[in-house]
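*Asks:* here you go, sequence then predicted model.
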2 protein chains.
Amino acid sequence: MIKIPTSTLKRLPQYLEVLRQLKRAGLKEVSATKISVFADVHPTLVRKDLSFTNLSSSPKSGYKVNELYNAIEKLLNWNDTSASFLVGVGHLGSALLGYQEFAQKGLSIVAGFDNDLKLVNTVVHGVPVYSALDFTSMAIKESIHIGIITVPPEAAQLIADIMVHSGIKAIWNFTPQKIIVPPQIIVEYVDMFASLAVLSRRLAEKE
Amino acid sequence: MIKIPTSTLKRLPQYLEVLRQLKRAGLKEVSATKISVFADVHPTLVRKDLSFTNLSSSPKSGYKVNELYNAIEKLLNWNDTSASFLVGVGHLGSALLGYQEFAQKGLSIVAGFDNDLKLVNTVVHGVPVYSALDFTSMAIKESIHIGIITVPPEAAQLIADIMVHSGIKAIWNFTPQKIIVPPQIIVEYVDMFASLAVLSRRLAEKE
């Protein structure tokens, strides 16, 4: 499978969102230029990004909306559903367990884990919560390859170590803590605080 | 106030996290090299980033942990608390209302807004929820400058327009929808789906 650049991958969901809204509005065809305007991405980049779909665009009418939508979904493997485990069922973890959007993006969180006994053996937004001690045995038994970390930052490395030990191949880390894992493990960060840092400083610079 | 590069700003919270853990461990001094190791950032970058604090590092013992912590907090304006309003009290919005970490990072979410009548006039994690129709009058009355968007993507632009009209100067957008606002308005995205796209594709590329 061909390696798509990270910058392209990060823009693909924006195009999907534009296409979803065009579909809802009943449009059948769309040009790269139009996508560029709605996604606020330079037309040259849009064309480069969309070239990974191998779809051809008609000079008159552009891309077929449905075809392009499905092709991008396929590039992201979002047409397929992957099961994942989440560790840390606090405010943020609970919210992710209930976040419907993931299901449409190929991600199913099938279990949560926590070491708080008040949470263990409960069901949060329809997802069962188990003791963190059961993570390894369950991950191996169910062949889970994606782990989501929503624990406090100081516990992130420990959880990452447990995940690697349990056969997890990709870690989605929602803490600002950098984790150190073997090179074959995929790690992605959703670092809210990096984004908050820019927002706070830019606002202070203006005032 | 001097403009700090975005790349530096995004790394500062990582250093804070390292320093917080060193403080807890009782350490008084730290070298840039040590921070570089813990934060997994190249030493040259760490030195460049920390130079914005104007603190001097002793060749023998490095920085004073407390001093450096406070200086970085000040650079980010996280020593000061800014009030903000959040629109969209769904799963993610509710979680953010209850997210204690923000308070330590200078952000206080003082009210939530939604158009779901079941949510209006309730209190979520201690934060009152009002009708979205009351956003403008309340934001102007309370001189709120930060708006957080956690609505479905198709409503993000409308909410952004209302925010700009209500005197909001900085928008923190948690939807993948690009929003178009006047150039003086600061916009920051927390785009989970961009990150999920990279994770999903890299995993598929491996399998």
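*Replies:* Looks like it arrived, so ask away.
*Asks:* buried residues in the strand or helix carrying A:Ala71, which are they?
*Replies:* When secondary structure is defined using DSSP states H and E, the element that contains A:Ala71 is helix A:65-75. For helix A:65-75, the buried set under the neighbour-count rule, 16 or more other CB atoms under 10 Å in any protein chain shown, comprises A:Val65, A:Leu68, A:Tyr69, A:Ala71, A:Ile72, A:Glu73, A:Leu75. For every residue, glycine as well, the C-beta is placed using N, CA and C.
*Asks:* what about the first one, distance to B:Thr44?
*Replies:* It stands for A:Val65. With distances taken as CB to CB, to the nearest Å, A:Val65 is found 47 Å from B:Thr44.
*Asks:* can you check the last one too?
*Replies:* A:Leu75 sits 36 Å away from B:Thr44, going by CB to CB.
*Asks:* coming back round to it: turn the buried residues of helix A:65-75 into CSV, including distance to B:Lys48 and pLDDT.
*Replies:* What follows is the buried residues of helix A:65-75, written out as CSV (distance: CB to CB, whole Å; pLDDT from 0 to 100):
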residue, distance to B:Lys48, pLDDT
A:Val65, 46, 96
A:Leu68, 42, 97
A:Tyr69, 43, 97
A:Ala71, 42, 97
A:Ile72, 38, 97
A:Glu73, 40, 96
A:Leu75, 36, 96
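*Asks:* return the member of those nearest to chain B.
*Replies:* A:Leu75 (6.8 Å; CB to the nearest CB).
*Asks:* and the residue in chain A that chain B sits nearest to, what pLDDT?
*Replies:* Sorted by distance to chain B under CB to the nearest CB, the residues of chain A start with A:Ala95, at 3.1 Å. Turning to A:Ala95, the model gives it a pLDDT of 89.
*Asks:* that one - nearest residue in space that isn't next to it in sequence?
*Replies:* Once flanking residues are discounted, A:Ala95 sits nearest to B:Ala95: 3.1 Å by CB to CB, 6 or more residues apart in numbering or on different chains.
*Asks:* am I right that that neighbour is in a helix?
*Replies:* Yes - applying DSSP: H, G, I helix; E, B strand; the rest coil, one finds B:Ala95 inside a helix.
*Asks:* my guess is it contacts A:Leu92. True?
*Replies:* Yes - with the criterion set as CB atoms under 8 Å, B:Ala95 and A:Leu92 qualify as a contacting pair; they are 5.2 Å apart.
*Asks:* buried ones in stretch A:108-119, by neighbour count?
*Replies:* Residues of stretch A:108-119 classed as buried: A:Ile109, A:Ala111, A:Gly112, A:Phe113, A:Asp114, A:Leu119 (neighbour count, 16+ other CB under 10 Å).
*Asks:* would you reformat those as a markdown table and include secondary structure and pLDDT?
*Replies:* A markdown table is the format used below for the buried residues of stretch A:108-119 (DSSP: H, G, I helix; E, B strand; the rest coil; pLDDT from 0 to 100):
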| residue | secondary structure | pLDDT |
| --- | --- | --- |
| A:Ile109 | strand | 97 |
| A:Ala111 | strand | 98 |
| A:Gly112 | strand | 98 |
| A:Phe113 | strand | 98 |
| A:Asp114 | strand | 98 |
| A:Leu119 | coil | 97 |
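*Asks:* redo the residues you listed as a markdown table? Include distance to B:Trp172.
*Replies:* Written out in a markdown table, the entries for the buried residues of stretch A:108-119 read as follows (distance: CB to CB, whole Å):
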| residue | distance to B:Trp172 |
| --- | --- |
| A:Ile109 | 24 |
| A:Ala111 | 30 |
| A:Gly112 | 26 |
| A:Phe113 | 29 |
| A:Asp114 | 27 |
| A:Leu119 | 28 |
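*Asks:* rewinding a little: what number of residues lie near the residue nearest to A:Ala95?
*Replies:* 22 (other CB atoms under 10 Å in any protein chain shown).
*Asks:* that one and A:Lys118, how far apart?
*Replies:* Distance, B:Ala95 to A:Lys118, by CB to CB: 18 Å.
*Asks:* also A:Val87?
*Replies:* Remark: distance between A:Val87 and A:Lys118 (CB to CB) = 16 Å.
*Asks:* at which residues are the strands of chain A located?
*Replies:* Counting by DSSP state E, one finds strands in chain A at the ranges A:29-30, A:63-64, A:82-87, A:107-114, A:123-124, A:127-131, A:146-149, A:170-173, A:186-189.
*Asks:* what's the closest of these to B:Val198?
*Replies:* strand A:186-189 (5.5 Å; CB to CB).
*Asks:* is chain B within reach of the closest one?
*Replies:* Yes - when contact is scored as CB under 8 Å from any CB of the partner chain, part of strand A:186-189 falls within range of chain B: A:Ile186, A:Glu188, A:Tyr189.
*Asks:* tabulate those (a markdown table), appending pLDDT and neighbour count.
*Replies:* Formatted as a markdown table, the residues of strand A:186-189 next to chain B follow (pLDDT from 0 to 100; neighbours: other CB atoms under 10 Å in any protein chain shown):
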| residue | pLDDT | neighbour count |
| --- | --- | --- |
| A:Ile186 | 97 | 21 |
| A:Glu188 | 96 | 21 |
| A:Tyr189 | 94 | 20 |
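*Asks:* quick one: distance of stretch A:4-23 to the chain centre.
*Replies:* On the basis of CA atoms, centre = their mean, to the nearest Å, the separation between the geometric centre of stretch A:4-23 and that of its chain is 12 Å.
*Asks:* no further queries at this time; thank you.
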